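K.L.:
Sharing a model prediction with you, sequence too.
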Amino acid sequence: MIAFQDYSPYAGIRGSDFIGFANFSRMFSEPAFWRAVANTLSITAVQLIFFFPIPIGLALLLNSVLSARIRNVVQGIVYLPHFFSWVLVVSLFQQMIGGAGLLAQTLRDHGHQAVDLMTKPDTFILLVTAQSVWKDAGWGMIVFLAALSTINPALYEAAAADGANRWRRLWHITLPGLRPVIVLLLILRLGDALTVGFEQFILQRSAVGGSAAEVLDTYVYYQGLLVGDFGYGAAAGLFKGVVGLVLVLAANRFAHLVGEQGVYSRS
C-alpha cells in the first residue's frame with residue numbers, strides 16, 4: 001500500500017494520499033535507478049560465476065580428506081569469517097590492499113609505485129566478490145558437505161570395483177548426488193538477484209563513488225529512506241520482490257524441464 005501512496009508516517013496508511021503508480025513512474029524515469037539496477041545485476045552475474053562454484057569445490061576437496069580431525073579443523077577455519085561483521089572484513093581488506101596497506105607498503109619498499117585497490121572503481125566488482133568469497137564461501141560449503149554425506153558409500157565401492165578412477169567416481173556419482181542441491185540453491189540465488197547486500201556497499205561507497213558502488217539497496221536508502229520518501233523506497237522494494245518472484249518461477253520451471261524438483265514440485 002505504501003508503494004502506491006504519498007506516504008507520511010504521521011498520517012499512516014489510512015491518512016496518506018493515494019497516488020497510484022506515480023512512485024513507479026518516477027523511479028523508472030530516473031537514470032540513477034537504472035544504473036543501480038545495472039550495477040546490482042553485474043555484481044550478481046560475477047558472483048554466480050566466481051563465487052557460487054567455490055563452496056562446491058571446497059566441499060569436494062574437504063570431503064576427500066580422510067582424517068576426520070584435519071577435516072574438522074579446516075572446516076572450522078574456513079567458515080569462521082562468516083561470523084565477522086562487514087566492518088571488520090572491509091577493514092581487513094583495507095589493511096591488506098589499501099593505500100596504506102601491506103601490499104602498497106611492500107611495493108614502496110621495493111621502489112615501485114604503490115596501488116590502492118580499495119579506491120579503484122574499475123575493479124570494485126572483483127573486490128566485493130573477493131570479499132564475499134573470503135567471508136561466506138566456507139559457510140556455504142556446509143550445505144554441500146551435508147549433501148555429500150547423504151550419498152551411499154556403496155556406490156563408490158561398486159564403482160571402484162568396476163575400475164572407475166577418482167575422476168569417474170566424481171563425475172558419475174558425486175556431482176549427480178549434488179545436482180538437486182545445486183539447482184535448489186541456484187534458484188534461490190536468482191530470486192535474490194537484485195539483493196547483493198547493503199552494509200558491504202555502503203561502507204565502501206564513498207571510496208569508489210556511487211557510479212560503481214551504487215546498488216539497489218543503497219539507492220533505496222539514499223533516495224527513499226534517508227530523505228523520508230517512504231513511498232518511493234517501498235516502490236523500489238516492491239520492484240525487487242516482483243523481479244525476484246518472476247526469476248524464481250522461471251528458474252523453477254526450467255528445473256522441471258530438465259528433470260529436477262527445484263524449490264517446489266508440480267502436484
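P.N.:
Right, received. Where do you want to start? Numbering: from 1, shown residues only.
K.L.:
what's the longest helix in the chain?
P.N.:
As assigned by DSSP state H, the longest helix anywhere in the chain is helix 230-257.
K.L.:
Report all helices and strands that it contacts.
P.N.:
Contacts defined by 3 or more C-beta pairs under 8 Å, 6 or more residues apart in numbering; DSSP states H and E place helix 230-257 against helix 22-28, helix 175-191, helix 216-220. Yep, even glycine has a C-beta here, placed from its N, CA and C like the rest.
K.L.:
I'd like the C-alpha coordinates of the last one written as CSV, please.
P.N.:
This means helix 216-220. Taking C-alpha atoms only, helix 216-220 is exported to CSV below (Å, rounded to 0.1, in the frame of the first residue of the first chain):
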residue,chain,number,x,y,z
LEU,A,216,19.6,-1.1,-5.4
ASP,A,217,19.7,-1.4,-1.6
THR,A,218,21.9,1.7,-1.2
TYR,A,219,19.8,3.5,-3.8
VAL,A,220,16.7,2.9,-1.7
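K.L.:
how about the helices and strands packed on helix 230-257 in CSV, adding mean neighbour count and mean pLDDT?
P.N.:
Formatted as CSV, the helices and strands packed on helix 230-257 follow (neighbours: other C-beta atoms under 10 Å; pLDDT from 0 to 100):
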stretch, mean neighbour count, mean pLDDT
helix 22-28, 17, 93
helix 175-191, 17, 86
helix 216-220, 23, 90
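K.L.:
is it possible to export the ones you listed to TSV including distance to Leu257?
P.N.:
Shown next, in TSV, are the helices and strands packed on helix 230-257 (distance: least, C-beta to C-beta, whole Å):
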stretch	distance to Leu257
helix 22-28	32
helix 175-191	12
helix 216-220	29
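K.L.:
Please identify the buried residues of the longest helix of the chain?
P.N.:
Residues of helix 230-257 classed as buried by neighbour count (16 or more other C-beta atoms under 10 Å): 230-237, 239-240, 243-244, 247-248, 251-252, 255.
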